[in-house]
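# just the structure for this:
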Amino acid sequence: MKLLRFRTGKVEKKGALIDGRIRRIQGSMFEDFVVTTETYELGEVEILPPVLPSKIVCVARNYAAHAKELGNDVPTTPLIFIKPSTCLSAHEGDVIYPPSSRQVDYEGELAVVIGRHCKNVKPEKAEEYILGYTIMNDFTARDIQKEENKFTRAKCFDTFAPLGPVIETDFKWRGISVKTRVNGETKQDGTTDMMIFDIPTLISFISGVMTLLPGDVIATGTPPGVGAVRIGDIVEVEVENIGILRNYVREA
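Residues are numbered from 1 along each chain as shown. Now for the predicted structure:
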């Protein structure tokens with residue numbers, strides 16, 4: 001099932017995308033909910049980020065070819081960092097190019113949405129804690145990252161974590177295609193089989209560091225082919241069997 005959040009007028013609602021139309025759901029995405037007969041067309045609503053996470057945990061250099069293209073060593077344990085919720089942007093939303101950066105890069109990724117309280121979980125049990133999967137674009141001010149040799153400022157500008165448009169709850173993550181296009185031109189084209197650390201390993205590792213709460217997001221890393229965007233660009237991340245996340249790079 002494809003779950004999403006949306007707005008009609010000033011009212012925020014939750015829904016399920018069924019046969020190309022949204023049907024509102026009653027109750028929490030993380031518990032038992034009811035799919036109602038209240039129906040909306042996609043074109044008449046504003047799509048919101050599908051969850052409001054307490055934290056977005058990102059995995060750096062989880063594709064060996066991406067680590068190498070930036071001149072970095074391939075990690076021997078997961079390398080993680082956090083984006084705040086203020087980085088969120090929605091499908092069809094804007095990504096604001098910060099005036100303090102001269103190079104902003106796209107990084108298309110498969111993302112995991114945690115479904116229940118998760119702490120010290122073993123890899124073989126990890127997938128029991130997943131609500132579903134979505135798409136994220138981990139925008140990065142690459143020049144700032146290189147200058148500071150740190151992740152926080154470069155990764156955490158407002159709008160630097162577009163997420164969505166839906167959460168796919170019926171999803172098999174192995175061997176899935178992850179592509180990024182800029183103005184219609186394919187820039188990244190990889191599969192999840194290229195990951196160094198698989199999803200159960202990541203959930204186990206991260207939950208051993210911090211408690212993951214329902215709605216928290218894990219961005220699982222980006223394939224090779226990252227590159228810069230310019231103001232006016234249209235960036236699309238497509239994950240097989242989930243959909244397309246589309247965003248617009250705008251001037252501050």
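# quick check: chain neighbours aside, which residue is closest to residue 193?
residue 175 (5.2 Å; CB to CB, 6 or more residues apart in numbering). Quick note: C-beta positions are derived from backbone N, CA and C, even for glycine.
# test my guess that the one you found contacts residue 191.
Yes: using CB atoms under 8 Å, residue 175 is in contact with residue 191, at 5.7 Å.
# neighbour count: those two, which is higher?
Each of residue 175 and residue 191 has its neighbours counted (other CB atoms under 10 Å); residue 191 has more, 16 against 10.
# identify the residues contacting the more buried one.
By CB atoms under 8 Å, 6 or more residues apart in numbering, the residues touching residue 191 are 175, 176, 177, 178, 223.
# okay, it: pLDDT?
For residue 191, the pLDDT comes out at 97.
# verify the contact between residue 162 and residue 111 for me.
No: in this structure, residue 162 is not within contact of residue 111 by CB under 8 Å, at 10.4 Å.
# now, the contacts of residue 191 that are in strands?
Among the contacts of residue 191, DSSP state E puts 177, 178 in strands.
# and the buried ones among the contacts of residue 191, selectable in PyMOL?
Buried residues within the contacts of residue 191, by 16 or more other CB atoms under 10 Å, are selected in PyMOL with:
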select buried, resi 176+178+223
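# now do the helices in the protein.
64-69, 142-148, 152-155, 199-207 (DSSP state H).
# and this structure, split by domain according to the record?
2-47, 49-251 (automatic domain parsing).
# mean neighbour count, those: which tops it?
Among the domains of the chain, ranked by average contacts under mean count of other CB atoms under 10 Å, first place goes to domain 49-251 (a mean of 19).
# what touches both of residue 162 and residue 111?
Joint contacts of residue 162 and residue 111 (CB under 8 Å, 6+ apart) are residue 136.
# and the spatially most central residue of the chain, bridged to which residues?
Closest residue to the average C-alpha location of the chain: residue 136 at 2.2 Å, with CA atoms, centre = their mean. As for beta bridges, residue 136 partners with residue 109, residue 163 under DSSP bridges.
# contacting residues around it?
Contacts of residue 136 (CB under 8 Å, 6+ apart): 56, 108, 109, 110, 111, 161, 162, 163, 217, 219, 237, 245.
# which pLDDT value goes with it?
Per the predicted model, pLDDT is 98 at residue 136.
# in terms of secondary structure, what does the worst-scoring helix or strand of the chain on mean pLDDT contact?
Least confident helix or strand of the chain, by mean pLDDT, DSSP states H and E, is helix 64-69 with a mean of 88. For helix 64-69, there is no helix or strand it packs on, judged by 3 or more CB pairs under 8 Å, 6 or more residues apart in numbering; DSSP states H and E.
# show me where the stretch 101-250 of the chain has its strands.
104-106, 108-114, 130-137, 140-141, 161-162, 167-168, 177-182, 185-191, 217-219, 227-229, 234-239, 243-251 (DSSP state E, counting those that start in this stretch).
# distance to residue 90 added to these, as JSON lines?
As requested, the strands of the stretch 101-250 of the chain are arranged in JSON lines below (distance: least, CB to CB, whole Å):
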{"stretch": "strand 104-106", "distance to residue 90": "16"}
{"stretch": "strand 108-114", "distance to residue 90": "14"}
{"stretch": "strand 130-137", "distance to residue 90": "11"}
{"stretch": "strand 140-141", "distance to residue 90": "19"}
{"stretch": "strand 161-162", "distance to residue 90": "7"}
{"stretch": "strand 167-168", "distance to residue 90": "13"}
{"stretch": "strand 177-182", "distance to residue 90": "18"}
{"stretch": "strand 185-191", "distance to residue 90": "21"}
{"stretch": "strand 217-219", "distance to residue 90": "14"}
{"stretch": "strand 227-229", "distance to residue 90": "18"}
{"stretch": "strand 234-239", "distance to residue 90": "13"}
{"stretch": "strand 243-251", "distance to residue 90": "8"}
